[in-house]
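Asker: What would the 3D arrangement of this be:
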Amino acid sequence: MQKRVKKKDDQEQGIVSLNDGWERINKVGILSFFERVEKVDEAEFEQKSIPQQQYIITYDTIFTMCIQREPYNYSSPLYQRHSQALIDYYKSKFVPALQEAKQKHGLAFLREWVKRWRCNKWAVDGMQRMFMYLDRFYVPNSEDLLSTSEQGYTLFREHVFEKFKETARDAVLHCIHQERDKEEQDRDLLRDAISVFVELGHKLKKVELQIYKDDFHKALVAQTREYYKQKSRMWLDACSCPEYLIQAEQCVNAEEGRLASYIDKSSADGLMTATREELLKFHQEELLSKETGINKMLERTQGADGEAAKEDLSRLYRLYEAVPGGLQKVSEAMKRHICDLGNGYIQKSKEQKGTDKDHQLIRNLIDLHDRFLKIVKTNFQGDSIFQKALKEAFEEFINKEYYTSNFLARFANDILKKGSKVAITDLENTMEHVVMLYGYIRDKDIFERDYQQYLAHRLLQDLSESEQAEKSMIGKLKTESGYHWTSKLEDMFKDIQRSKELMAEFNKVQGKNHNVELAVSVCTTGAWPTSSIPPCKMPSDIIKVSEAFKSFYLSRHSGKKLNFRMDQGSANVRVKFSSTTTKVLVVSTYQMMALLLFNQKPTYTFKELLDLTGIPREDLITHILSLAHPKVKVLRKAPNVKDIEDNHKFQINPKFQNPRAKITVPLLQKVGPKTPGQTNKDMEAINRSRRHQMDAAIVRIMKARKTQKHAALVAEVVKQLHQRFTPSPIEIKKRINNLIELEYLERDENDRTTYHYKM
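Answerer: All right, here's what the predicted structure looks like:
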């Protein structure tokens, strides 16, 4: 009787009981809503997920039950029944449907998997709207409770996802495997199936992509590795290197296409790393060293198959650019290939034993550089690692010895001098190539000495084809090496220009007073390659005019000293061979000195010529034999043999014949270095210059620093001089000891590895 009274009181007071309220919520709201969800009418849901009248009744009931005073506030029981309603729904609809689909083929399961996820999102979202009051006022004031939405997805994970995730994952991976084997797949379905793993994580706080990574991504990467591990082995055994690269590129592009189409982008790093490692990284050495590998591809760039080979190289670059450290081995292989070619050209040139009159070695090296520079820029995208490999390759084989450096200087001389027989189509471009090869030379002072000697010969003998070309070449060398050395070359040109002006003034003042035409080039000591003056006796015929010029010069340049170098000049000498034959011979100054002696008597022994001219023996032999050469025959020699003894006799050849009025007599040995390879005298001069440069660098450094440790001083000297040559630490130490003896430096009393500047 009391219970009946209480119930009646509750009704009178408007209290909604738990059972009555829930029955109304469940019947009007939840069950009818779940029935609509099962129909999967997406268009209807997008328009209105819950009919308005049902929603109002359900929401008002929940609202009323949650605002009633205790003990009639049913917020907690409603939260629990909300969860139980979802659990019952999953167990009654989701699990049986997925179990049934699981018994069929994989695609049927994936379709049901995608459908159930869509239904779940609608179900959880609709329940959250109906139970919104709990989220606004009950959940925030309770500990350890999830929002109704997150609670719904948590329950889905527990009662549905965990039971079927492996089936879904395996079905997706099977489809991917089939697609890799060229079987077409429903990519939209695969994308939706994979998105379940992604979206579920996003719906749960502090989970995000962890579900996807743990339950799908790891298996995807493992399967990818295994698939390409097997395929790569099969393709390596069956395909050439270019064919394998085509297969690999197709696979890489296909995986990138899957990422763009249906695999989540968070798998990009892991998936592409696995693909590239199994296809490319783990087989790189075997692939590059194949018979059809990189060496063959580089060789093919010059043949009829050149364009295809270049495309293969571009593909090789594209593939390995994305592999960490992948380009390093490719660049090293290219470097070895270039070194082998360069060393081969040098060896072939050596086997010709200095007969490379067409400069085939330098031409080959220029062509080699052009070819690989084009490959680096075009097929390897100008990548710095390949530019470095090209540079190191040329530096390696060019600097093994001074052979190439000497040939390069001779090539530069031959393209710049008059009457050059070197066939070139573009002088400016050829000079660029010379400077390019010069840039690879480490001991630049070797090349520079040879180049300076050749330039001196061209300037003094007036053999330069073009002053503009000479200055252009110096400008290019200055850009590469700096001002220090090229300033001397510019000073040489200035000396020649000043000398022309000086001779014009001298001839104007005193030219009529002498029967000898004189042309003097006044060379400043230090700017020209040699400063030592070989001893000789000036012929009496030219002493007068020489002394006149000397007085003329010193009157305008007081305090200077002028010496004549008879070993560097040339002369036009009129020779009367017979009563009917008179010719003008263009000869060296030494040859002129010998020829003038025949004005005194008709025949001389070699010993007499040696004593009367004072010319060094080796130089006189060269110049006299040039006059007596069978192709020249200006002089007669008795006996007529190649060698010269002191008692061998010479006389003017009265039977000399030549159709030309003016004849240039060539020397057997060129002025300056004739063939590559430095003489002991040349090397001593170079070493002396290097010692001076090391001394100057050490003094400069110590003057600025005052105190310096040995190791730091050596490092700084190398740094300052490396563009000219690379001094060894032993040589630097010797120069330091020498400067200590000369009292420029002193050792620290307590630390012998520390130096102090004394001056």
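Asker: Give me the neighbour count for Gly559.
Answerer: Other residues lying near Gly559 total 5 when counted by other CB atoms under 10 Å. For glycine as for every other residue, the C-beta is placed from the backbone atoms N, C-alpha and C.
Asker: Can you tell me how far it is from Tyr553?
Answerer: 12 Å (CB to CB, to the nearest Å).
Asker: and the lengthiest helix in the chain, what does it pack onto?
Answerer: Taking DSSP state H as the criterion, the chain has its longest helix at helix 483-510. Helix 483-510 is packed against helix 444-460, helix 467-481, helix 540-556, with contacts defined by 3 or more CB pairs under 8 Å, 6 or more residues apart in numbering; DSSP states H and E.
Asker: 6 Å - rerun?
Answerer: helix 467-481, helix 540-556 (3 or more CB pairs under 6 Å, 6 or more residues apart in numbering; DSSP states H and E).
Asker: Run the angle between that helix and helix 444-460 for me.
Answerer: If you take axes from the mean of the first three to the mean of the last three CA atoms, to 10 degrees, helix 483-510 sits at 20 degrees to helix 444-460.
Asker: mean confidence score for helix 483-510?
Answerer: Taken as a whole, helix 483-510 has a mean pLDDT of 86.
Asker: can you pull the buried residues of it?
Answerer: 485-486, 488-489, 492-493, 495-496, 499, 502-503, 506 (16 or more other CB atoms under 10 Å).
Asker: repeat for stretch 172-191
Answerer: So stretch 172-191, judged by 16+ other CB under 10 Å, has buried residues 172-176, 179-180, 185, 189-191.
Asker: Return the subset of the residues you listed lying in helices.
Answerer: Those of the buried residues of stretch 172-191 lying in helices (DSSP H): 172-176, 179-180, 189-191.
Asker: from the residues you listed, which single one is nearest Lys335?
Answerer: Arg180 (36.2 Å; CB to CB).
Asker: Contact partners for that closest one?
Answerer: By CB atoms under 6 Å, 6 or more residues apart in numbering, no residues touch Arg180.
Asker: Please determine how far it is located from Lys213.
Answerer: Counting by CB to CB - Arg180 and Lys213 are separated by 22 Å.
Asker: now do Asp367
Answerer: Distance check for Asp367 against Lys213: by CB to CB, it reads 54 Å.
Asker: Which one's more surrounded, these two?
Answerer: Shown here are Asp367 and Lys213; by other CB under 10 Å, Lys213 has more neighbours (19 against 13).
Asker: measure the nearest residue to the more buried one once chain neighbours are set aside to Gly201 for me?
Answerer: Leaving aside its chain neighbours, Lys213 sits nearest to Ser266 (7.3 Å; criterion: CB to CB, 6 or more residues apart in numbering). Distance of Ser266 to Gly201, computed by CB to CB: 10 Å.
Asker: Neighbour count: those two, which is higher?
Answerer: Counted by other CB under 10 Å, Ser266 and Gly201 do not tie: Gly201 has more neighbours, with 20 against 15.
Asker: Double-check that one against Leu209; I have them as touching.
Answerer: Yes - proximity of Gly201 to Leu209 meets the contact threshold set by CB atoms under 6 Å, at 5.4 Å.
Asker: Okay, now the unreliable bits of the protein?
Answerer: 1-13, 40-49, 353-356, 511-512, 531, 669-682, 759 (pLDDT under 70).
Asker: nearest spatial neighbour of Ser420, skipping sequence neighbours?
Answerer: Using CB to CB, 6+ apart, the closest residue to Ser420 is Asp414 (5.3 Å).
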